[in-house]
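Chemist: one predicted model, sequence on top.
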Amino acid sequence: MRVACLQENLSRGLGTVGRSVAVRSTLPVTQNILIVAEESRVKLVATNLEMATTCWVGAKVEEEGSITVPARVFSEFVSSLPNELVHIEMPAGGRTVQFTCGRFQAHMNGIDAEDFPPVPDVAEGIAAEVEADGLRDGISRVAMAAATDESRPVLTGINVEFEGERLTLAAADGFRLAVYKMPLAKAVDGKATVIVPAKTLNEVHRLLGDQDQPVFVTVNEQRSQALFRLDNAEIVTQLVQGTFPNYSQVIPKSYETRAVVDVAEFTRVARMGSVFARDASNIVRVLITPGGEMKPGKVTVTAQAEEIGDNTGDLDALVDGKEAKIAFNVKYLLDVLGVIKQSQVALEVSTPSSPGVVRPIGTDNYVHVIMPMFVQW
């Protein structure tokens with residue numbers, strides 16, 4: 001193998017595939033990155049056996065070949081090099097790779113490319129096109145609601161439903177639920193539902209960057225693997241097997257009280273409350289008060305920590321319905337307020353023991369449900 005490419009491009013490619021490298025594995029080669037010199041580019045591949053990321057880097061290839069090298073050492077070495085041509089050479093049949101860049105040189109012992117786990121070929125099955133902007137927004141608004149606890153594997157994934165011209169993403173961890181709907185760039189035949197690991201979709205979101213072109217999604221016929229094809233990268237992932245809960249039953253169909261507030265103001269008041277809520281199980285109390293004839297309604301957020309103190313914050317609100325109160329984990333409240341791009345949001349409440357619903361004003365494609373905390377009022 002003999003190839004040369006710019007340090008900047010090589011470093012960017014390593015950054016693209018780096019998060020798919022296995023951290024701890026009984027298969028040592030999965031802690032390596034596969035380098036394949038082919039035609040006029042270098043292919044970089046990393047896998048942790050659950051997710052594999054492939055990236056292509058433009059290069060001058062004088063002699064084709066392939067090898068795997070330790071990911072951490074390779075990435076750290078390349079990132080420390082000057083922005084010049086990096087020459088990669090390995091004699092035929094050898095396992096030691098030589099890297100040369102200006103006055104710097106290194107040798108790395110590799111493992112044969114044949115020992116690297118093959119990336120599954122996801123070609124047949126459901127094929128869809130998703131606009132990059134919509135997918136970026138959708139992932140950012142639902143991913144934080146996915147569970148990190150492995151005790152219920154289906155909740156660590158995001159439920160992805162393709163139906164006609166619409167794509168629906170849903171995530172839940174038992175304490176909150178987020179649902180986002182978006183149009184597909186190209187309609188699919190029929191209806192199909194799969195559970196994609198939240199870690200994979202977070203990685204797709206990271207790699208999307210400022211991409212404008214649609215993302216091509218393919219799910220194999222067995223519903224066991226999915227492929228996400230971006231501009232200069234591909235991610236193949238194992239899908240979570242199981243049945244996602246029927247989340248539509250969790251979303252309240254009506255409310256007793258609805259308050260429309262400014263997102264920035266609500267965020268500020270909630271963040272103030274979180275300072276004291278840290279020492280009180282993250283609990284903040286929310287009181288919604290209707291307005292009178294000449295004054296607006298208001299939302300009052302309070303937090304109290306016995307050993308620290310307490311605080312109260314008010315904000316004006318357009319209130320529909322009667323007075324209401326509910327308590328939330330302030331982290332969940334701040335999470336949803338942090339991903340809403342609209343300037344106003346509606347909080348819908350029925351009773352202190354019923355879920356609260358957050359909906360952006362001006363769009364009906366996103367809903368976020370937060371389970372209440374039980375407190376003494």
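Modeler: In hand now; what should we look at? Since this is a predicted model, take the numbers as computed values, not measurements.
Chemist: chain center to the helix or strand of the chain with the lowest mean pLDDT, what's the gap?
Modeler: Lowest on mean pLDDT, DSSP states H and E among the helices and strands of the chain sits strand 126-130, with a mean of 93. Centre-to-centre, strand 126-130 and its host chain are 19 Å apart (CA atoms, centre = their mean, to the nearest Å).
Chemist: so which other helices or strands are in contact with that strand?
Modeler: On a contact count with 3 or more CB pairs under 8 Å, 6 or more residues apart in numbering; DSSP states H and E, strand 126-130 meets strand 215-219. In this view, the C-beta of every residue, glycine as well, is placed from N, C-alpha and C.
Chemist: what's the local residue count around Ser224?
Modeler: Ser224 sits with 14 neighbouring residues when counted by other CB atoms under 10 Å.
Chemist: just give the nearest non-adjacent residue to it, would you?
Modeler: Using CB to CB, 6 or more residues apart in numbering and skipping the chain neighbours, the partner closest in space to Ser224 is Leu239 (5.8 Å).
Chemist: quick check: the one you found touching Gln222?
Modeler: No: contact criterion CB atoms under 8 Å: Leu239 and Gln222 do not qualify, at 9.2 Å.
Chemist: those two - which one has more neighbours?
Modeler: Neighbours per residue (other CB under 10 Å) separate Leu239 from Gln222, with Leu239 holding more: 20 against 9.
Chemist: pull the least confident helix or strand of the chain out as PDB, backbone CA atoms only.
Modeler: The C-alpha coordinates for strand 126-130 follow below in PDB (Å, rounded to 0.1, in the frame of the first residue of the first chain):
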ATOM      1  CA  ILE A 126     -37.400  -0.500   3.100                       C
ATOM      2  CA  ALA A 127     -35.700   2.400   1.400                       C
ATOM      3  CA  ALA A 128     -36.500   6.000   2.300                       C
ATOM      4  CA  GLU A 129     -35.100   9.500   1.800                       C
ATOM      5  CA  VAL A 130     -35.200  12.000   4.700                       C
END
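Chemist: next, the angle from that strand to strand 215-219.
Modeler: Strand 126-130 runs at 160 degrees relative to strand 215-219, counting by axes from the mean of the first three to the mean of the last three CA atoms, to 10 degrees.
Chemist: name the residues that touch strand 126-130?
Modeler: Contact with strand 126-130 is made by 162, 167, 182, 184-186, 188, 192, 214-219, as judged by CB atoms under 8 Å, 6 or more residues apart in numbering.
Chemist: buried members of these into ChimeraX, please.
Modeler: To isolate the buried ones among the contacts of strand 126-130 in ChimeraX, judged by 16 or more other CB atoms under 10 Å, type:
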select :162,167,182,184,185,188,214,215,216,217,218,219
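Chemist: tell me the one of the contacts of strand 126-130 nearest Glu38?
Modeler: Nearest to Glu38 among the contacts of strand 126-130, counting by CB to CB, is Phe216 at 21.3 Å.
Chemist: please name the nearest non-neighbouring residue to the closest one.
Modeler: Nearest residue to Phe216, sequence neighbours excluded (CB to CB, 6+ apart): Arg229, at 4.1 Å.
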